[in-house]
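# Fold the following for me, if possible:
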Amino acid sequence: MTADFKYDFSDKVTLSGMVGQAKSNYEDLLFRANIETVDPNILFSYDFTADPDVAKIGYGIDVTNPDNFVLQDNELFQRNLVDRTNDTARLDLDWFFGVGHSFKFGAIYNDREVDSRQFQQNAPLPGVSLASITDVFHFIDVGNFGSATQLDFLVLNFDRAKDAYNYGTFEPFRGPGRATWLVTETTLGAYGEYNLVTLVGDHGLRFNAGARFVDTDTEATGWLTSDIPNTETNSYNNFLPSINVAFDATQDVVLRAGVSRTMTRPSLSSLAPIKSYSDVNFTVSGGNSQLEPLVSDNLDLGVEWYFAEQAVLGVAFFYKDIDSFISSPTTEGPLRPEDRAAVAAVYPTQPELLNPSLTWTYRTSANTDGTKLQGFELAYQQTFTGLPSFWKNFGFVGNYSYVDAETVVTRNGQDVKVPLEGLSKNSWNATLYYEVPRWGARVSVNDRDDYITNNLGSNGNVSEATTGPVRWDLSAFWHLNQKFSLTLEGINLTDEAERLYTTGNGTMNLIREINYSGRQFFLGVRYTY
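Predicted coordinates for the structure are as follows:
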């Protein structure tokens, strides 16, 4: 919901403003009751030699027979609510004076809030047989994996199991290990900007200089116990200047340069002063209300050559000096004394988790050392209007970028250089299109290098990564008349998969998860009146 206004004091001074509010509400109902084999010493096998993406699995028992399984008393029944609110207001004044000169001034206020509440149900084991609340699940073998993996196995029938557990009686769930928290972020900023459009001899010059000052206050509340809240505050301010210049070296060549300082705030969820515990991977992870923003000093240089009508060839160089990252450094060791009571409360039926011989992995959000990032980008766009006949309706858009950056993490007690998470060194995209006033179509292809998603892999792996496959997409339009138009969009035409893998000792490619989204097609109708 927003409202805005604009008022012209004169033909040279304009005042505008906006106020608005955005809300979202999310609910998640969780029902998890675990079963395990009656004999814990049963051996199973998996073999990737026939297919590197899908293992051949042997369980050693009939996994469809309920007599081979028993219910575990470590069920998880939860109701999770997350409410988000964003209130914003801004005021801008534009002042045009002289020929090619203008000033802009403004202020903006923003208030973001995330309220996460967790409710849980504690239920005893139901007095029913396992067979009465289970079914045999049958995979639909759309991927032709039947020869590689087990396709049928025993699962809970959710409707019968929920009735047996009397699912739905939830109580507020607060304290260590519980995702009940409230984080509010309030920002107030002001900016000023000067713009100049002029000539230097016969060469055009466009100049922009400005600065923004932002003050940020955060308040984060977690729960020390089910009754005692813990509220932590933080505040910081940032001065963010920028200068941009564009110079027409010739009628066809434009030189561009820019220097700036930018800021990225941490997500509100990473500020929550809570800890969460996992009885599967033996991890303790937590937020940090004192996180500072990521600040980067940036330099951008570019050249653009407009060598024909609707055609350009450009190259841009960029450099970023990032002062810090928000990451989750890890340490390993036995469960710490301050966490023993919390683990006992969260997993009351698993006292073995308190065994001092178990090794737990601790992860806490923190500001870590930044890095320097540099690279370049090539861009080419052209319509082939100079070609004869129908060939003149074709056009091409292409882009290639190279980025080089490393950071440092602590792995097994030693500082090591690693790639930035989520960053591909090489990426490119290309689009070939054909357009006339009545209809048009585009075919696009893009590719990127494999990229690291976690430099501190779980379960003994050095890191975790994701493949960057080549993807093909299609879009087209057809104007039936002045009022009706048809559109067609095709995504992932070659049915590429998203493949997530672990690297073992750092050199391996071990499948962790593979996702097939399939080919997607969207047909649309548009009516203009």
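# Ile42 - nearest residue in space that isn't next to it in sequence?
Nearest in space to Ile42, with sequence neighbours left out and distances taken as CB to CB, 6 or more residues apart in numbering, is Gly60 at 5.1 Å. Heads up, the C-betas are built off the backbone N, CA and C, glycines and all.
# Settle this for me: the one you found is touching Leu43, isn't it.
Yes. Assessed by CB atoms under 8 Å, Gly60 is found in contact with Leu43 at 5.4 Å.
# related to what we said a few turns ago, how many residues are close by the residue nearest to Ile42?
With neighbours defined by other CB atoms under 10 Å, the count for Gly60 comes to 12.
# Let me see the contact set for it.
For Gly60, the contact set (CB atoms under 8 Å, 6 or more residues apart in numbering) comprises 42-45.
# Out of those residues, which end up buried?
For these, a neighbour count by 16 or more other CB atoms under 10 Å gives an empty buried set.
# and stretch 453-460, average pLDDT?
Within the predicted structure, the mean pLDDT of stretch 453-460 is 83.
# gap between Gly192 and Thr198?
In this structure, Gly192 and Thr198 are separated by 20 Å, where distance is defined by CB to CB, to the nearest Å.
# give me the beta-bridge partners of Lys275?
Taking DSSP bridges, one finds Gly286 as the beta-bridge partners of Lys275.
# give me the number of residues near the residue lying closest to Ala123 once chain neighbours are set aside?
If the residues on either side of it in the chain are set aside, Ala123 comes closest to Tyr165, at 4.7 Å by CB to CB, 6+ apart. The burial metric for Tyr165, expressed as a neighbour count using other CB under 10 Å, is 21.
# check contacts around the closest residue to Leu480 other than its chain neighbours.
The shortest distance from Leu480 to any residue other than its chain neighbours is 6.5 Å, reached at Leu486 (CB to CB, 6+ apart). If you count contacts by CB under 8 Å, 6+ apart, Leu486 has them with 477-478, 480, 523-526.
# re the thing from before, pretty sure the residue nearest to Ala123 sits against Leu76.
No. In this structure, Tyr165 is not within contact of Leu76 by CB under 8 Å, at 11.2 Å.
# Quick check: which element contains Gln381?
strand 366-383 (DSSP states H and E).
# Who are the packing partners of that strand?
The elements that strand 366-383 packs onto, with contact taken as 3 or more CB pairs under 8 Å, 6 or more residues apart in numbering; DSSP states H and E, are strand 294-308, strand 311-327, strand 394-404, strand 406-411.
# still on that earlier bit, now, the most widely separated pair of the contacts of Leu486?
For the contacts of Leu486, the farthest-apart pair by CB to CB is Leu480 and Leu523; their separation is 13.3 Å.
# Between those two, point out the one with more neighbours.
Leu480 (12 against 9).
# What score does that one have for pLDDT?
pLDDT, the model's per-residue confidence, is 92 for Leu480.
# show me the residues around the residue nearest the centre of the chain that make contact.
The centroid of the chain falls nearest to Gly422 when counting by CA atoms, centre = their mean (9.5 Å). The neighbourhood of Gly422, defined by CB under 8 Å, 6+ apart, consists of 451-453.
# Going by distance to Val114, which of these wins?
Looking at these and their distance to Val114, the nearest is Thr453, at 23.8 Å (CB to CB).
# does the closest one really touch Glu464, like I thought?
Yes. Taking CB under 8 Å as the definition, Thr453 is a contact partner of Glu464 at 5.2 Å.
# Between those two, which contacts overlap?
Looking at what touches both Thr453 and Glu464 (by CB under 8 Å, 6+ apart), the common residues are Leu500.
# which stretches of the stretch 51-200 of the chain form strands?
Taking DSSP state E, counting those that start in this stretch as the test, the strands found in the stretch 51-200 of the chain are 56-58, 69-71, 76-96, 101-121, 134-138, 152-156, 171-172, 181-200.
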